[in-house]
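Visitor: Output the structure for:
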Amino acid sequence: MEDFEKLKRSILEYNPKANIELIEKAYKFSKQFAHSGQVRESGEDYFSHPFEVAKILIDLKVESATIAAALLHDTVEDSPVTLKKLKAEFGPKIASLVEGVTKIDKVHFESKDDYTAENLRKVLLATAKDIRIMLIKLADRLHNMRTLKICAADKQKRIAEETLSIYAPIAHKLGIWAIKGELEDLSLRYLEPEIYSTLRGKINQKREEREAKTKEIIDELKQKLKENNIEADVFGRAKYFYSIYKKMKRKKVAFSEIYDLIAIRIITKNIPDCYSVLGIIHDNWKPIPKKFKDYIATPKANGYQSLHTAVAGRHGKILEVQIRTEEMHQVAEDGVAAHWRYKGTERDKKFDKKISWVKQALDWRRTSKDALDFIETLKIDLFEKEIIVFTPKGDPISLPEKATPVDFAYEIHTSVGNKCSKALVNEKLVPLMSELQPGDVINIITNKNAKPSRQWLKFVKTGKARSKIRSYLKIEKEPDYRKPKEEEQREENYVHLIEGVSEKKQLKLSKCCDPKPYDSIAGYITKDGKITIHKTTCPNAVSLDDKKQIDVNWKKEDKYSKEIYVIVKDKVGMLADILNIIARRKLNLEKVNTNTSKHGKFRIHLKILVTTEKELESLIEELKKTPDVHSINKLD
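Guide: Below is the predicted model of the structure:
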């Protein structure tokens, strides 16, 4: 019980009134009864997993019932314990939390995609009723990511991709930055191991120098605040690897141009002090134009509030500063978990607004039976780049980047969207497909005779708008407007390379494993009589019915090797960019070697299988247009 005593001390530090008796009962039930004798894939005692999940949630300072449910969260799924037994031992509320994170079983699904989508839908449905279910799910995913190295490489990649595209954005939507950042970093570790290793090495190399500069700046800031009688905490903040990597890709700059940024956070006692601190910083350092953001006056959709600014430091480096109150800091770090801490289980309109995207996702799922459509639309809705626009009364509305007046209309109300006829943006009439910009004031003009158009599906960005339009027009499955013609043609060509099926129009290449010529493949007959092609190694194929499998093969086609040398700027991510272009063109890569050239250049030697010379020339043309590619030489 030594582990429990440590757990108990951590809980009582932030919650002296915690129900320790309940938590201890859950601890003993899970460890000594439900999971007794069980081991994880790594060989560790199985109980180590729910125990670590509980510790992650204790770091978020959650209340007693959530900790108890975390300790019990795998009992129904991975032990002989039934939900009925759990309810009898711990009551309906804790049983409901455990049920919310328990995967669906004993139900046959046509594909792994349907299984994943339905489990996500189940968790989201439960989350809409009780946000604590998603907190447990995120902690569960975080510990699984921390222990992912024991899994096979293909499983590591699949879980990391799902984490990066779904669970990290959910943590962002809920404002839980600590979990979001670690999930992204761990995903990068398995998706781009070379890049992750390089970033980690370079960060460690400059650690002492960076920490010395940061301390000097913090000491100077503290002195300035003291002179102005402002009480505040000042400290450096760590940057996550993935955020550095993403910024490098977005700005197309080297590591040194990003990580030389020094990041400072200032926590004040009240809001007036936040603005006073901002004035002091701008008086003593030169502000960088267009880098000031006031998220106190206009909070982000997930409730985040802070002042952001960037100034030129004494060392010629950029100093990034975040300024917020103590309460804002708690919300910024712990997101909705902080709300639960302050409000208990009380619900309010502000809180419901924070999780409104959950309900939107569920609405969309109810209008579509296609699992892939659901997952892809959920990813779009979770995409973190958001803008804040305003109603004519000044109410802030959060929308994804490139959203349109139609998206805005449906965000206000379904009836406003369905009757939308015109839009005024900043008092000027604009087309309904116009892209909105941060700070725009939108006025929707409705007309009783107006109705949604099928064409709107081509440009709307939110899942809510898409769902409501399709529902009104009674469209079962959304037309795929987003697939480029070139990609469409390439998929069609690949389909015609498949033997074993007479009717080619019935064939479809699976998106989950993206089979290419010369991959080992199998066909599966779907409900509507069509045939989906999967790689034989595809994890999703495991859940498919063997009785519906048919033998298919690629046509034999002559391919030959061609070698090229690509000279690029020596910077992180260049190799990944080149390989992504080749992968996007569905070309097989036989060999890749790299070595550093002179004058900051990098040489990549590629051996590629092509069908025609034209295929190679087309690749070379695209590579030449890629930023920081200096030259390309063919080897005949």
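Visitor: For Ile264, which non-adjacent residue is spatially closest?
Guide: Leaving aside its chain neighbours, Ile264 sits nearest to Val321 (4.9 Å; criterion: C-beta to C-beta, 6 or more residues apart in numbering). For every residue, glycine as well, the C-beta is placed using N, CA and C.
Visitor: Kindly provide the distance from Ala34 to Gly100.
Guide: Computed with C-beta to C-beta, to the nearest Å, the distance linking Ala34 and Gly100 is 17 Å.
Visitor: and what of Glu194?
Guide: Taken as C-beta to C-beta, the spacing of Glu194 relative to Gly100 amounts to 38 Å.
Visitor: any idea of the mean pLDDT in stretch 629-636?
Guide: The pLDDT scores in stretch 629-636 average 79.
Visitor: what's the answer for stretch 237-255, then?
Guide: Stretch 237-255 carries an average pLDDT of 75.
Visitor: quick one: buried residues of that stretch?
Guide: The neighbour-count criterion (16 or more other C-beta atoms under 10 Å) identifies 239-242, 244-245, 248, 254-255 as the buried residues of stretch 237-255.
Visitor: what's the closest of those to Gly303?
Guide: Within these, proximity to Gly303 (C-beta to C-beta) peaks at Tyr240, which comes in at 20.2 Å.
Visitor: give me the element the residue nearest to that closest one when sequence neighbours are not counted is part of.
Guide: Here the nearest residue to Tyr240 in space, its sequence neighbours aside, is Gly181; by C-beta to C-beta, 6+ apart that works out to 4.0 Å. Secondary structure assignment for Gly181, by DSSP states H and E: helix 177-191.
Visitor: residues in contact with that helix?
Guide: 56, 59-60, 138-139, 141-142, 145-146, 148, 156-157, 159-161, 163-164, 167-169, 171-172, 195-196, 240-243, 245, 332-335 (C-beta atoms under 8 Å, 6 or more residues apart in numbering).
Visitor: The residue nearest to Ser187 when sequence neighbours are not counted and Tyr190, how far apart?
Guide: In this structure, Ser187 finds its nearest non-sequential neighbour in Leu164, 3.9 Å apart by C-beta to C-beta, 6+ apart. Look at Leu164 and Tyr190: by C-beta to C-beta, they are 9 Å apart.
Visitor: of these two, who's got more company?
Guide: The neighbour count for Leu164 versus Tyr190, taken as other C-beta atoms under 10 Å, is higher for Tyr190 (22 against 19).
Visitor: measure that one to Gln156 for me?
Guide: The gap separating Tyr190 from Gln156 is 5 Å, by C-beta to C-beta.
Visitor: Check the contact lists of these two and give me the overlap.
Guide: Common neighbours of Tyr190 and Gln156, counting by C-beta under 8 Å, 6+ apart, are Leu148.
Visitor: Glu227: how many residues sit nearby?
Guide: Taking other C-beta under 10 Å as the criterion, the count of residues near Glu227 is 9.
Visitor: Might you report the residue contacts of it?
Guide: For Glu227, no residue counts as a contact, taking C-beta under 8 Å, 6+ apart as the criterion.
Visitor: Model confidence for it, exactly?
Guide: As predicted, Glu227 sits at a pLDDT of 91.
Visitor: ok, now how distant is it from Asn284?
Guide: On the measure of C-beta to C-beta, Glu227 and Asn284 end up 11 Å apart.
Visitor: Toward the C-terminus from the strand or helix carrying Leu399, list the very next helix or strand.
Guide: Mapping Leu399 onto the secondary structure by DSSP H and E places it in strand 396-400. The first helix or strand that comes after strand 396-400 along the chain, using DSSP H and E, is helix 405-412.
Visitor: chain center to the helix or strand that that next one is followed by, what's the gap?
Guide: On the C-terminal side of helix 405-412, the closest following helix or strand by DSSP H and E is helix 414-418. On the basis of C-alpha atoms, centre = their mean, to the nearest Å, the separation between the geometric centre of helix 414-418 and that of its chain is 29 Å.
Visitor: what do you get for stretch 580-600?
Guide: The chain centroid and the centroid of stretch 580-600 are separated by 27 Å under C-alpha atoms, centre = their mean.
Visitor: next one: stretch 160-179
Guide: For stretch 160-179, the gap between its own C-alpha mean and the chain's C-alpha mean amounts to 4 Å (C-alpha atoms, centre = their mean).
Visitor: Now do it: distance from first to last residue.
Guide: For stretch 160-179, the first and last residues are 14 Å from each other (C-alpha to C-alpha, to the nearest Å).
Visitor: buried stuff in it?
Guide: Using 16+ other C-beta under 10 Å as the burial criterion, the residues of stretch 160-179 that qualify are 160, 162-179.
Visitor: I'd like the mean pLDDT over it, please.
Guide: 84.
Visitor: Walking through the stretch 251-400 of the chain, point out its strands one by one.
Guide: 262-268, 286-287, 293-294, 307-312, 318-325, 386-390, 396-400 (DSSP state E, counting those that start in this stretch).
Visitor: Packing partners of the fifth one?
Guide: Which is strand 318-325. Other elements packing on strand 318-325 under the criterion 3 or more C-beta pairs under 8 Å, 6 or more residues apart in numbering; DSSP states H and E are strand 262-268, helix 271-284, strand 307-312.
Visitor: now that strand and helix 271-284, what's the angle there?
Guide: Taking axes from the mean of the first three to the mean of the last three C-alpha atoms, to 10 degrees, one finds strand 318-325 and helix 271-284 inclined to each other by 160 degrees.
Visitor: count of neighbours near Asp546?
Guide: Number of residues near Asp546 (other C-beta under 10 Å) recorded here: 8.
Visitor: Kindly provide the distance from it to Thr594.
Guide: Shown here: Asp546 relative to Thr594, a distance of 43 Å by C-beta to C-beta.
Visitor: For Phe29, give me its contacts.
Guide: Under the criterion of C-beta under 8 Å, 6+ apart, the contact list for Phe29 reads 71-72, 75, 89-90.
Visitor: Need the max-distance pair from those.
Guide: In the contacts of Phe29, the most distant members under the criterion C-beta to C-beta are Leu71 and Glu89, with 12.3 Å between them.
Visitor: Give me the more crowded residue out of these two.
Guide: For Leu71 against Glu89, the residue with the higher neighbour count under other C-beta under 10 Å is Leu71, and the figures read 30 against 16.
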